[in-house]
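K.L.:
Structure for this input, please:
(2 chains)
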Amino acid sequence: MNFLRQTAVRLGYAIALLLAVVVLNFVLIHIAPGDIADTIAGDMGGATEEVMAKIRADYGLDKPFIVQLGLYMGNVVRFDFGYSFFFNTPVTSLIAERLPATLLLVFSAQLLALVVGVVLGVISAQRPNGMLSHFVTLLALFGYSAPVFWTGIMLLIGLSLMLPLFPVAGMVDARLMDAPMWRQYLDVLHHLLLPALTLASIFLALYSRLCRASMLEVLGADYIRTARAKGLTEREIVYKHALKNSLGPVVTLAGLQFSAVVSGAVLVETVFSWPGLGTLALQSILARDTPTILGILFFSALVVIVGNLLTDLVLRLIDPRIRSGGG
Amino acid sequence: MTNSPSTAPLLDVRNLSVQFTTRGGTVTVLDDISFTLERGERISFVGESGCGKSMTALALMGLLPAMGRVSGGQVLFKGEDLTTASPARLRRLRGNEISMIFQEPMTSLNPVFTIGQQISEVLRLHRGVDNAEARDRSVELLQAVRIPDAAARVDDYPHQLSGGQRQRVMIAIALACEPEILIADEPTTALDVTVQAEIFALLRDLGAKLDTAIILITHDMGAVAQMSERMLVMYAGRRVEEGQVANVIKAPAHPYTRGLIACVPHITSDVDALVDTLPEIDGIVPPITRFGRDECLFAPRCAKAADECWSAKPQQSDIAGHSSHSVSCWHPFGTEGSR
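P.N.:
Residues are numbered from 1 along each chain as shown, chains lettered A, B, ... in the order given. I've put the predicted structure just below:
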């Protein structure tokens, strides 16, 4: 019961937050100079004031700001994000086309960073002064300080051009249109690996360092001594008793980093021409395509919020002290 | 005293020494410790913090910290030397034939597993029982350590229990496989006085029922009197005195034991009398780097110290009239015929 109520409260917060994000984005875009009329006029090679006013009237941009906001909010509540000025299709179908690619990239990068980060953290915590531990520290420092677009380009040069192991760009190979389903899945995976690795590199560094520290702390705890006194093997002690306790901080950090992963995805998508929201965002910003930008921002916020809710859920599964809500 | 057969004792520790290797060099933290323990017997280890009581227990369990190693002597458990046993053999003994409970019940249980899971774990590990049976046994064990409504509490997490209840759960884990030896390292230090008495009563009852020998590590003389038949007083990594509790308390032979006992305020003393000074032993424990030297390590704090105390380690000698009472001192009390 307690759990359901807590979840309901969190969901309520999430919806309120989402609406606040919509208003904030709308205001920010409105303040920013330039609109679709400028883009169209630019494409036409110049236009008179009357033409500009006509375009603005057509798109409803002549109405007072507060009316525009009200209309937009009314539509968003009905999950209508309007028409893209630039692509001339409904924003929702535009996003529906691109969102899966971004979700795939974001979630596989997070998963990769978490799994590899935790494994490296655990192994290096067992021998805090061993070779592997130093190597992980070095790798973490490198992964964290290298800009993600640079990492991506280096991986492309190394593993796509010099050693042609991975495709250079995109998400699917057009030649495989008629291939069986499993072959196409494999193809997507093949395309996914480098972008996911690039995006994961920053977070992998963070998670492995935190997991190592958290693991070292837990391994000194009294209940680990108890586990030893029970006669458990070192492997059971580390992977059962210690690991579950040291995951809490790592999962918490992963939740906090979710927004960073989503924004990092924009850069990675651009480097690898990954057909996700990131490339769409770049195009629509350049075109001053307000409805598309707002729609993308809305869905990015949604991804982050869902990511945070998931984090919360996982934390509850790990730690019973959070589950009961006390202490 | 005990009804054990006349063969070897359950536990026979012979001249056990433990050294720590630190950046500053090697230090001797346990120096030539010997004692025996019979089946079902209860013995107390007494001494100040840092005297080596807990280290003795960890050495018996094969759980010395990484920088420590047994540098000499033997730990014979039913005739088998544990100092040379393989890690796998020691794991089979730990929690099964030799168990241990610790000072901090609040942090000694794993917070992310239910107490039922934590009790079941030892049963599955050492007894090979299946999950359902392990759970049933866990409930029985919780009943045995007098946790009310055990069938419902078995799925509780440690944070839902009080300190005293957590220590009971630790006792349930330790006794789950009906061990031959239970080592209790200051099991009540972190608990309320009323809870302390209950825990001791529980340990005594269950120990007697399972015929488990209990090694109690403490600095509380009241606990010694309540729990044990024999006591062993340690100072600076050495054994200074050993004997029946009644004999040692009545007539302590070592100046250090005498000082320790004098420090216990008597409940029978006149409450109206103004106590202006609490008795204490002058001086401080020597630094660990002095441990293991060929001298009496208590000499700097001892009123009876003479030349030989500074130049040679006193040997263990029996006290006339009490066969099991021995002391390591150049000038023990009682042997001159006066106190």
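
K.L.:
ok, which residues in chain B are in contact with chain A?
P.N.:
Taking Cβ under 8 Å from any Cβ of the partner chain as the criterion, chain B approaches chain A at residues B:61, B:63, B:90-96, B:99-100, B:102, B:104, B:107-114, B:121-122, B:125-126, B:157, B:159-160, B:170, B:173-174. No exception for glycine: its C-beta is placed from N, CA and C like everyone else's.

K.L.:
Just the ones of those residues in helices?
P.N.:
Residues of these located in helices (DSSP state H): B:61, B:90, B:91, B:92, B:93, B:107, B:108, B:121, B:122, B:170, B:173, B:174.

K.L.:
wait, what's in contact with the closest residue to the fourth one other than its chain neighbours?
P.N.:
If the residues on either side of it in the chain are set aside, residue B:92 comes closest to residue A:231, at 6.4 Å by Cβ to Cβ, 6 or more residues apart in numbering or on different chains. Applying Cβ atoms under 8 Å, 6 or more residues apart in numbering or on different chains, one finds that residue A:231 lies in contact with B:90, B:91, B:92, B:93, B:94, B:95, B:96, B:122, B:125, B:126.

K.L.:
Give me the distance between residue B:27 and residue B:309.
P.N.:
21 Å (Cβ to Cβ, to the nearest Å).

K.L.:
try residue B:325
P.N.:
For residue B:325, the distance to residue B:309 - Cβ to Cβ - is 21 Å.

K.L.:
one step back: can you put the contacts of residue A:231 in a markdown table and add neighbour count, distance to residue A:267 and pLDDT?
P.N.:
Output for the contacts of residue A:231, formatted as a markdown table (neighbours: other Cβ atoms under 10 Å in any protein chain shown; distance: Cβ to Cβ, whole Å; pLDDT from 0 to 100):
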| residue | neighbour count | distance to residue A:267 | pLDDT |
| --- | --- | --- | --- |
| B:90 | 15 | 54 | 94 |
| B:91 | 21 | 50 | 94 |
| B:92 | 15 | 55 | 94 |
| B:93 | 23 | 57 | 94 |
| B:94 | 23 | 53 | 94 |
| B:95 | 27 | 53 | 92 |
| B:96 | 19 | 57 | 93 |
| B:122 | 28 | 52 | 95 |
| B:125 | 22 | 50 | 94 |
| B:126 | 20 | 55 | 94 |
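
K.L.:
Report the two of these separated the most.
P.N.:
Taking Cβ to Cβ as the measure, these span a maximum distance of 15.0 Å, between B:90 and B:122.

K.L.:
where do the helices sit along the stretch 101-250 of chain A?
P.N.:
Ranges of helices in the stretch 101-250 of chain A, per DSSP state H, counting those that start in this stretch, are A:131-145, A:148-156, A:181-219, A:222-229, A:234-236, A:243-256.

K.L.:
middle-most residue in the chain, spatially?
P.N.:
Picking chain A for this. Nearest residue to the geometric centre of chain A (Cα atoms, centre = their mean): residue A:262, 2.5 Å.

K.L.:
My question was about chain B, not that one.
P.N.:
residue B:217 (2.7 Å).

K.L.:
Okay, and the beta partners of it?
P.N.:
On the basis of DSSP bridges, residue B:217 is bridged to residue B:45, residue B:185.

K.L.:
Show the pLDDT at the residue nearest to the centre of chain A.
P.N.:
Listed pLDDT for residue A:262 reads 88.

K.L.:
Which secondary structure state does it sit in?
P.N.:
helix (DSSP: H, G, I helix; E, B strand; the rest coil).

K.L.:
show me what contacts it?
P.N.:
Applying Cβ under 8 Å, 6+ apart, we find residue A:262 in contact with A:102, A:106, A:300, A:303, A:304, A:307.

K.L.:
Quick check: the first one touching residue A:278?
P.N.:
If I follow you right, that is residue A:102. Yes. Residue A:102 lies in contact with residue A:278 (Cβ atoms under 8 Å); the separation is 6.6 Å.

K.L.:
Quick check: mean pLDDT of stretch A:289-299?
P.N.:
Mean predicted lDDT for stretch A:289-299 stands at 89.

K.L.:
Give me the contacts around that stretch.
P.N.:
A:18, A:21-22, A:25-26, A:29, A:35-36, A:39, A:72, A:76, A:81-87, A:91-92, A:94-95, A:99, A:277, A:280-281, A:283-285.

K.L.:
list the buried ones in that stretch?
P.N.:
A:289, A:290, A:291, A:292, A:293, A:294, A:295, A:296, A:297, A:298, A:299 (16 or more other Cβ atoms under 10 Å in any protein chain shown).

K.L.:
Just give me the closest of these to chain B.
P.N.:
residue A:299 (35.1 Å; Cβ to the nearest Cβ).

K.L.:
Excluding chain neighbours, what is closest to residue A:168?
P.N.:
According to Cβ to Cβ, 6+ apart, the nearest residue to residue A:168 is residue A:160 (4.7 Å).

K.L.:
likewise residue B:216?
P.N.:
residue B:44 (4.6 Å).

K.L.:
picking up where we left off before, and the residue nearest to the centre of chain A, how far is that from residue A:152?
P.N.:
16 Å.

K.L.:
thinking again about what came up before, same list, the ones in helices among the residues of chain B next to chain A, but as a markdown table with distance to residue B:131 please.
P.N.:
Formatted as a markdown table, these follow (distance: Cβ to Cβ, whole Å):
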| residue | distance to residue B:131 |
| --- | --- |
| B:61 | 27 |
| B:90 | 26 |
| B:91 | 21 |
| B:92 | 21 |
| B:93 | 24 |
| B:107 | 27 |
| B:108 | 24 |
| B:121 | 11 |
| B:122 | 13 |
| B:170 | 22 |
| B:173 | 17 |
| B:174 | 21 |
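
K.L.:
related to what we said a few turns ago, and for residue A:102 and residue A:278, which residues touch both?
P.N.:
A:265, A:269.

K.L.:
Check the secondary structure at residue B:240 for me.
P.N.:
Criterion first, three-state DSSP; result for residue B:240: strand.

K.L.:
How about the one 3 residues further on?
P.N.:
Per three-state DSSP, the secondary structure class of residue B:243 is strand.

K.L.:
any idea how far residue A:291 lies from residue A:282?
P.N.:
16 Å.

K.L.:
now the closest residue to residue B:59 other than its chain neighbours, what's its secondary structure?
P.N.:
Leaving aside its chain neighbours, residue B:59 sits nearest to residue B:18 (5.4 Å; criterion: Cβ to Cβ, 6+ apart). Recorded secondary structure, residue B:18: strand (three-state DSSP).

K.L.:
Does residue B:18 touch residue B:55 like I think?
P.N.:
Yes. Residue B:18 is within contact range of residue B:55, at 6.1 Å (criterion: Cβ under 8 Å).

K.L.:
Neighbour count: the two, which is higher?
P.N.:
In terms of neighbours (other Cβ atoms under 10 Å in any protein chain shown), residue B:18 is the more surrounded of residue B:18 and residue B:55; the figures are 24 against 21.

K.L.:
Enumerate every residue touching that one.
P.N.:
B:28, B:29, B:30, B:52, B:55, B:59, B:64, B:68, B:69, B:70, B:71.

K.L.:
on that earlier part again, from the contacts of stretch A:289-299, which would you call buried?
P.N.:
A:21-22, A:25-26, A:29, A:35-36, A:39, A:72, A:76, A:81-87, A:91-92, A:94-95, A:99, A:277, A:280-281, A:284.

K.L.:
Among these, which lie within strands?
P.N.:
Of those, none are assigned to strands by DSSP state E.

K.L.:
Restricted to helices, list those.
P.N.:
Going by DSSP H, the helices hold A:21-22, A:25-26, A:29, A:36, A:39, A:72, A:76, A:91-92, A:94-95, A:99, A:277, A:280-281, A:284 from the buried ones among the contacts of stretch A:289-299.
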